[in-house]
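Undergrad: Provided below are the primary sequence and the corresponding predicted coordinates.
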Amino acid sequence: MVKMGKDYYDILGIKKGASEDDIKKAYRKQALRFHPDKNKSPGAEDKFKEIAEAYDVLSDPKKKDIYDRYGEEGLKGGGPQGGAGGSGGPGNFSYSFQGDPHVIFSEFFGGRNPFEQFFGGRNGGMDEDMDTDDHFSHFGMTGGGMGGFPRSFSSGMGGIGPHSSVVKKPQDPPVVHDLNVTLEEVLSGCLKKMKISRKRLNPDGRTIRIEDKILEVQIKKGWKEGTKITFPKEGDETPTNIPADVVFVLKDKTHPKFKRDGSNIVYTATISLRDALCGCTINVPTLEGKTVTVTTTDIVQPGMKRRITGEGLPYPKRPDRRGDLLVDYEVKFPERLSQSARDTIAQVLPRS
């Protein structure tokens, strides 16, 4: 059995199998919490070093692989050796943490001690309005059933103040959410107003306020599902970041009558077996609320469609032109037949 020794995953507060991004986020959280400039409790310095060692191992694919298989003992040269005596072991690999936790901290955050950069002085600490455990920004949307927008902190941090010309603040990843639209809205175009709630810096550059803003999304005629509308830097703002872009992705709402096929729309017309064999006339609805009469005298074959030109959605690059309305026939078979009906059909219809 492999003796794990130190549990680096537990030190960072994550589970084995965590992603690279999860490891970075965990180090950021723990390092800020136990940094000696902020945490004056006994043992904080040792804990800070232990966190740096855990990150040094788990952020390196080779070290992490050996640790995952052989634990701390194998990582540091005391585990099974490679070759004939222990195939699959770490071989001659031997690790010992020689790094300076303050250097690792500084390199991770892109420069010098962020506590000094943000607040000017050794005794500066994280502002009370800036919660190091805050992993999500909440974007409260009204209309369209919009909910909160999760935002993960970036793995890096930039500085402000005298070193801002050297250290570049990172921008948070885009905040992405679906924007549901009806086919009628895509047909005519519309304006969507989305109310968001986000964090903004006060003039002192340190404290944070919550403010609301209305983002207006102009839906243009014929826009396809998946179209992205970006509002640059409208996400949360803190002393450590450049606000994220807010991105809306167009999604079609389910329509009770039609399905979308690019710039065409499809209407399913259910007809009886009799009408499929003998011909029929149906009234087909359009997106604009009109009806179009469609008559067929031919036998309706499986997969048969009729095309009504120009009754679909506008082409995105040519909104003055429109796609087509496709009529898809669905034949409804009777659940039962009388014996006399069966006899009559058997006499009339050919066997092949």
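TA: Structure received.
Undergrad: alpha carbons only for contacts and neighbour counts from here, please
TA: OK.
Undergrad: where's P350 relative to V331, distance?
TA: According to C-alpha to C-alpha, to the nearest Å, P350 and V331 sit 20 Å apart.
Undergrad: more crowded one of these two?
TA: V331 (18 against 7; other C-alpha atoms under 10 Å).
Undergrad: Now do the more buried one against I308, distance only.
TA: Counting by C-alpha to C-alpha, the gap from V331 to I308 is 20 Å.
Undergrad: for the host helix or strand of I11, packing partners?
TA: If you go by DSSP states H and E, I11 is part of helix 8-12. On a contact count with 3 or more C-alpha pairs under 8 Å, 6 or more residues apart in numbering; DSSP states H and E, helix 8-12 meets helix 20-34, helix 44-58.
Undergrad: Now do the strands for this protein: every range, in order, please.
TA: 175-181, 190-201, 208-219, 228-231, 246-252, 258-261, 264-272, 280-285, 291-296, 305-308, 314-315, 318-322, 325-332 (DSSP state E).
Undergrad: To P42, which of the ones you listed lies closest?
TA: Proximity to P42 (C-alpha to C-alpha) singles out strand 208-219 among the strands of the chain, at 30.6 Å.
Undergrad: what residue ranges in the stretch 101-250 of the chain are flagged as low confidence?
TA: Low-confidence segments of the stretch 101-250 of the chain (pLDDT under 70): 110-167.
Undergrad: can we see that at 80?
TA: Along the stretch 101-250 of the chain, the model assigns pLDDT under 80 to residues 106, 109-168.
Undergrad: Tell me where it has helices.
TA: Under the criterion DSSP state H, counting those that start in this stretch, helices of the stretch 101-250 of the chain are mapped to 101-108, 114-119, 183-188.
Undergrad: who's in contact with the helix holding I11?
TA: Helix 8-12 has contacts (C-alpha atoms under 8 Å, 6 or more residues apart in numbering) with K15, K16, I23, A26, Y27, Q30, E50, I51, A54, Y55, L58.
Undergrad: circling back to that earlier point, redo the helices of the stretch 101-250 of the chain as TSV? Include distance to R209 and mean neighbour count.
TA: Shown next, in TSV, are the helices of the stretch 101-250 of the chain (distance: least, C-alpha to C-alpha, whole Å; neighbours: other C-alpha atoms under 10 Å):
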stretch	distance to R209	mean neighbour count
helix 101-108	27	17
helix 114-119	17	20
helix 183-188	35	18
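Undergrad: Need these in TSV (columns: distance to G222).
TA: What follows is the helices of the stretch 101-250 of the chain, written out as TSV (distance: least, C-alpha to C-alpha, whole Å):
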stretch	distance to G222
helix 101-108	46
helix 114-119	48
helix 183-188	5
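Undergrad: Identify whichever of those helices lies nearest to P170.
TA: Between P170 and those, the shortest separation by C-alpha to C-alpha is 12.0 Å, and it involves helix 101-108.
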